[in-house]
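K.L.:
predicted model and sequence follow; I will ask about them next.
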Amino acid sequence: MKTVRIFIASSSELKDDRDQFRMFISKENDRLHTEGIYLEVVQWENFLDAISDTRLQDEYNKAISTCDIVLCLFFTKVGKYSAEEFDTAYQVFKDKGKPKIWTYFKNAQINTGSITDEINTLLAFKKKIGNLGHFYTEYTNIDNLINQYRTQLDKFLPAFEKVIINPPPSPPQAPIENTFNDLLTKRLIQAMKPYDRKANDFLSTYGNWETNKDLVPTVKRIIISGYVGVLGIQLRKLMSIGEEDFSEYKMKRYLENCHLTALKALQLISYALISTLWDSKLNNKVNLSDEQTNVLIKFFKSATEENINDFSNLLKTLITAFLDNKLELPISELKDFIPKLQSGSELHNACSNLNAITDLLNGASFTLGDCANAEKNLTVLLENLNFLVAYKMISIKDIDYNFQRNDKEGFYLHHYTLLDGENQANNNSNGKIRKDSTPVTSYAVLLFKDNYQQNINLVPFIIDYNGLADSGGSKICFYSFCNTFDDMNLNYSFIEDNSKVTIKKSGNIKPDDTDVRAINKWLSDKENRKDMNFDNVFDLFYKAKKALAGIEKETEIDEF
């Protein structure tokens, strides 16, 4: 096994980008281990701040001299240690011919108020490396960085692979035309027009935008920012993959993300309906048929995540339950949606075809035509869900109540994060604050159309893991399945990379609310509040399960 050591140098402001890049390297290792290559990431978080014979920075510089690759990331400043790491790498490269150095500067929006004199270190550093003849590259977000570097890595790694002596010459091949995203972009911008003013204005101004390649990136950004929350995030990833150089790995990831985008779209709507149906059931406004109840039992007891066809059937069942009980649908556009979900319809066929992608991936046998079909079927699905463009998603964190001396009334400060395709799903920003006269539910992920006070609370089916853990930023996770037949834990999938997150009942007993002193002391501990938040998600799930499927909370049997 050949180990390729990669040193990542950057300032603390790009910690999230470093973490996401390290996640990318981990995925690359899943692919490369069969070729006898292992990518080892070396970064300052790996070092212990222990007493050393030399300063800790010397330990970093020593590690650089043993690396094959040095990746330098910069944004608004270049710290003296980051500059020193570059200088070390550059000197070692001149002496030994390695490490190979890549330097990336992030080109993204920044609040002007946060700009300090440290910006001068960035300008000076750019000038310095320019004088050295070292070329740098810009990136706009982590997806853009990963996609650029994946291409570079694919060009770099063959030097570490097994050398084949005198390989037979390969016949010349015609270049493969990169048409990924073309159909998706062309049709989705049109589908958005009735619900998105920006899309409507753009199409009114540039009716022939397809003939001007410079306008295509603008169309893609309108689509990414227009589709609600998690769908925008998924579309951002698809658009980014589509811009990569052609490879078999690109086809695989494109198929995976077409499938995942379709699944999340159906889950989002289904979870909105389940949440609202649950509220109506508690108010004794719902009578479910045996068939409807059985579908819900299947959903709540499933020991693995249900597939696209399952969610298509669940969605049809939920809409029917609303119509049968003459309930107002929380997403009004679903009123006439049932015919679109019937067997033989264009949407039903598209869902079936998207569901079949898993067979292609499991068999590791797919073609460029399969990618085109996946894109076409996903386009059909999102065209039929174009009304979601009119909706927004936010994650509400904690809520403060502010009442100043001589005020006649106080106000609530809602700490929230707007979820859209332009933002990373696990960004560590502080979010935003909204002042209002009435509160909304805290630690909740909300879906709404016009007024965020009139919302659909998606918890416990969609949660903000970071919000519940009070760890900063947002990490939006979709309910996946419950280990009904095992440990009864709740399993979620993180929308950015589909990694799994498990919620367990803590067993941390909260004092009785009537004991004010005890409860105040207990709540003063951050870990206790964290346990309380996650236990609340756990309890809400089982309450919904009991109300809609009639299933009592399972308990482990003590057979002693």
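P.N.:
Received the coordinates, thanks.
K.L.:
what's the nearest residue to Gln234 if we skip its chain neighbours?
P.N.:
Thr261 (4.0 Å; CB to CB, 6 or more residues apart in numbering). In short, each C-beta sits where N, CA and C put it, glycine included.
K.L.:
that neighbour against Thr379, yeah?
P.N.:
No - the criterion here is CB atoms under 8 Å, and Thr261 misses it with Thr379 at 10.5 Å.
K.L.:
more neighbours, the two?
P.N.:
Set Thr261 next to Thr379 and count neighbours by other CB atoms under 10 Å: Thr261 wins out with 23 against 19.
K.L.:
residues contacting the more buried one?
P.N.:
231, 234-235, 238, 378, 382 (CB atoms under 8 Å, 6 or more residues apart in numbering).
K.L.:
quick one: buried residues of the host helix or strand of it?
P.N.:
Per DSSP states H and E: Thr261 is located in helix 248-282. Residues 250-278, 280-281 are the ones in helix 248-282 that count as buried (16 or more other CB atoms under 10 Å).
K.L.:
same question, stretch 327-340
P.N.:
For stretch 327-340, using 16+ other CB under 10 Å, the buried residues are 329-331, 333-334, 337.
K.L.:
what's the first-to-last distance across that stretch?
P.N.:
20 Å (CA to CA, to the nearest Å).
K.L.:
which residues does the spatially closest residue to Asn29 that is not a sequence neighbour bridge with?
P.N.:
When the adjacent residues along the chain are set aside, Asn29 lies closest to Leu39, with 5.5 Å between them (CB to CB, 6+ apart). For Leu39, the beta-bridge partners are Val4 (DSSP bridges).
K.L.:
so Leu39 versus Tyr149, what's the distance?
P.N.:
11 Å (CB to CB, to the nearest Å).
K.L.:
repeat for Glu210
P.N.:
Taken as CB to CB, the span from Glu210 to Tyr149 is 30 Å.
K.L.:
ditto for Leu419
P.N.:
Leu419 is 26 Å from Tyr149, where distance means CB to CB.
K.L.:
the more surrounded of the two?
P.N.:
Leu419 (24 against 21).
K.L.:
from Gly467, how far out is the more buried one?
P.N.:
Distance from Leu419 to Gly467, by CB to CB: 11 Å.
K.L.:
now do Thr151
P.N.:
35 Å.
K.L.:
more crowded one of the two?
P.N.:
Higher neighbour count among Thr151 and Gly467: Gly467, with 26 against 14, using other CB under 10 Å.
K.L.:
would it be right to say that the more buried one lies in a helix?
P.N.:
Yes - the assignment for Gly467 by DSSP: H, G, I helix; E, B strand; the rest coil puts it in a helix.
K.L.:
the closest residue to it other than its chain neighbours is in what secondary structure piece?
P.N.:
Leaving out its chain neighbours, the residue that sits closest to Gly467 by CB to CB, 6+ apart is Lys397, at 4.8 Å. Per DSSP H and E, Lys397 falls inside strand 392-402.
K.L.:
circling back to that earlier point, thinking the residue nearest to Asn29 is in contact with Ile25, fair?
P.N.:
Yes - Leu39 sits in contact with Ile25 when judged by CB under 8 Å, with a separation of 5.1 Å.
K.L.:
what do those two both touch?
P.N.:
Shared contacts of Leu39 and Ile25, counting by CB under 8 Å, 6+ apart, come down to Ile6.
K.L.:
what about the nearest residue to Lys77 once chain neighbours are set aside, how many neighbours?
P.N.:
Leaving aside its chain neighbours, Lys77 sits nearest to Glu118 (3.8 Å; criterion: CB to CB, 6+ apart). Neighbourhood size, Glu118 [other CB under 10 Å]: 13.
K.L.:
ok now the one helix or strand Leu378 maps to, how far from the chain's centre?
P.N.:
Using DSSP H and E, Leu378 sits within helix 368-384. Put simply, helix 368-384 sits 21 Å off its chain's centre (CA atoms, centre = their mean, to the nearest Å).
K.L.:
check stretch 237-253 too.
P.N.:
The answer for stretch 237-253 is 17 Å, by CA atoms, centre = their mean.
K.L.:
quote the end-to-end distance of it.
P.N.:
10 Å.
K.L.:
before we move on, what about stretch 453-467?
P.N.:
Per CA to CA, stretch 453-467 runs 19 Å from first to last residue.
K.L.:
now do the contacts for the residue nearest to Asp486 when sequence neighbours are not counted.
P.N.:
With CB to CB, 6+ apart as the criterion, Asp486 has its nearest non-adjacent residue at 7.3 Å, and that residue is Ala303. Ala303 makes contact with 481-486, according to CB under 8 Å, 6+ apart.
K.L.:
most neighbours out of these, which is it?
P.N.:
Cys482 (23 neighbours).
K.L.:
report pLDDT for that one.
P.N.:
On pLDDT, Cys482 comes in at 91.
K.L.:
distance check, the closest residue to it other than its chain neighbours against Phe300.
P.N.:
Using CB to CB, 6+ apart and skipping the chain neighbours, the partner closest in space to Cys482 is Leu490 (5.6 Å). Leu490 sits 11 Å away from Phe300, going by CB to CB.
K.L.:
am I right that Gln292 is in a helix?
P.N.:
Yes - applying three-state DSSP, one finds Gln292 inside a helix.
K.L.:
out of Leu490 and Phe300, which sits in the more crowded spot?
P.N.:
Leu490 (23 against 20).
K.L.:
for the more buried one, give its distance to Ile233.
P.N.:
Going from Leu490 to Ile233 by CB to CB gives 22 Å.
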